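predicted model and sequence follow; I will ask about them next.
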Amino acid sequence: MRESVIKSLLLHLGIIVFLVVSANFHMPAPKVMEVTLNPAMPEPEKAVSAVTVDQQKVEQKIAELKKQEEAKKQAEAKRIRDLERRANDARKQREAEDRRLKKLEQQRRAKEKEKAEAEAQAKKAREIQEKERAKAKQAEKQKQEAEAAAKAAAEKRKAEEDALKKAEAERKRKAAEAEAERKRKEAEAERKRQQALQEQMLQEQLAAEQAARNKIRQQQVLSEVDKYKALIMARIQQTLLIDEKMKNKQCRVNIRLGFNGLVTQVKSLGGDKLVCEAALRAVRMADTLPVSPDKDVFEQLKNINLTIKPEF
């Protein structure tokens, strides 16, 4: 820009010099004055007048050139200001886009981490379920072996009793009959005892299986509750309007939800005032939050307390 101004000034200076030289060049040469008494021919005055008129034109031309140069300077300054403003706007847009992409990347990583944790918990639950199933199968096998052993023992004992009865039938019939009656009662008592023992073992097995199922179900419910709490927190963070004043501050809120996730009530339980106001506004803007169709999971989500921390 500085070089163009210098060139323009040199060009204008050259034009001025040219005009001055031209004016002098066309000025009529002075004539040799003759001694005359006739005053009607004032030739020198005409020459001075012509030079004055040419100088006025030169000065007028110089003024016009200066005015044009000033207009060019102002136009160039305006063009530079416009370029600087557009560059500043582009920089701000680029910075805003970088912040948006960074936030999206953080959300993507959080979701991947959440998915990995959920899969790990599901895998752990499956392993526990398989172990419980193996234990139940082993208990069933032991029960069947015990029943087979008891049956074999009862058959052996009965055969021995029959042989003893036959050997003493003739010599002590009454005693044998009394002994047979005693043994019959004993066998009945043993049968009842065995039956009670079997029923007790079955009840214990059923109770163990039910406890295992309840434990697995409880773990599944807790896993789903954590999952939907994370989804609810992510939804709130999406609509949370944050400010630098909220950095390292938090607010605890209570949220009540309908069966379809509709927010029926939200209130602050304490914390930073700015964060609490933003959190309550974000929950109301979300309107509907993620909830599980599972009744047991929903029972733990319909009235929850969350700690909201703005993410920067």
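Here it is on my side, so go on.

contacts and neighbour counts: CA atoms only from here.
Noted.

so where do the helices sit in the stretch 101-250 of the chain?
173-239 (DSSP state H, counting those that start in this stretch).

which residues of it score low on pLDDT?
Confidence mapping of the stretch 101-250 of the chain against pLDDT under 70 gives the ranges 168, 176, 214, 217-218, 220-222.

cutoff 90 now
Applying pLDDT under 90 to the stretch 101-250 of the chain picks out residues 101-228, 230, 239, 242-244.

spatially central residue for the chain, please.
Gln107 (2.6 Å; Cα atoms, centre = their mean).

return the distance of it relative to Met233.
According to Cα to Cα, to the nearest Å, Gln107 and Met233 sit 11 Å apart.

again with Arg193
Distance, Arg193 to Met233, using Cα to Cα: 59 Å.

who has more neighbours, these two?
Met233 (18 against 12; other Cα atoms under 10 Å).

what sits against that one?
Applying Cα atoms under 8 Å, 6 or more residues apart in numbering, we find Met233 in contact with 306, 308.

try the one 3 residues further on
For Ile236, the contacting residues are 279, 282-283, 286, by Cα under 8 Å, 6+ apart.

give me that answer again for 10 Å
Residues near Ile236 by Cα atoms under 10 Å, 6 or more residues apart in numbering: 230, 278-287, 289, 308, 310.

inside strands: which ones of those residues?
Ile308 (DSSP state E).

these two touch, right, the residue nearest to the centre of the chain and Ala234?
Yes - counting by Cα atoms under 10 Å, Gln107 touches Ala234, with 8.0 Å between them.

so what's the residue nearest to the centre of the chain up against?
101, 113, 234, 237-238.

so Phe259 sits against Ser292, correct?
Yes - with contact defined as Cα under 10 Å, Phe259 counts as touching Ser292 (8.8 Å).

between the two, what contacts are shared?
In contact with both Phe259 and Ser292: 298-299, 301, using Cα under 10 Å, 6+ apart.

who wins for neighbours among the residues you listed?
Neighbour-wise, the shared contacts of Phe259 and Ser292 (other Cα under 10 Å) top out at Leu301, 25 neighbours.

would you quantify the distance from that residue to Lys135?
34 Å.

ok, Asn305 next?
Counting by Cα to Cα, the gap from Asn305 to Lys135 is 39 Å.

what subset of the contacts of Gln107 is buried?
234, 237 (16 or more other Cα atoms under 10 Å).

want to throw the contacts of Gln107 into CSV with distance to Lys67?
Shown next, in CSV, are the contacts of Gln107 (distance: Cα to Cα, whole Å):
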residue, distance to Lys67
Leu101, 51
Lys113, 69
Ala234, 64
Gln237, 60
Gln238, 58
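
quick one: Ala211 from Glu204, how far?
10 Å.

now swap in Val266 and tell me
Counting by Cα to Cα, the gap from Val266 to Glu204 is 46 Å.

one more: Asp98?
Taken as Cα to Cα, the span from Asp98 to Glu204 is 63 Å.

cool, Lys143 as well?
From Lys143 to Glu204 the distance is 12 Å (Cα to Cα).

who touches both of those two?
Gln198.

between those two, which one's more packed in?
Comparing Lys143 with Glu204 by neighbour count (other Cα under 10 Å), the higher total belongs to Lys143, at 16 against 12.

my guess is that one meets Gln194, correct?
No - counting by Cα under 10 Å, Lys143 stays clear of Gln194, with 11.9 Å between them.

my read: Glu132 touches Gln205, true?
No - using Cα under 10 Å, Glu132 is not in contact with Gln205; the gap is 11.3 Å.

need the overlap of contacts for the two.
Ala211.

show me the strands in this protein, by range?
251-257, 263-271, 303-308.
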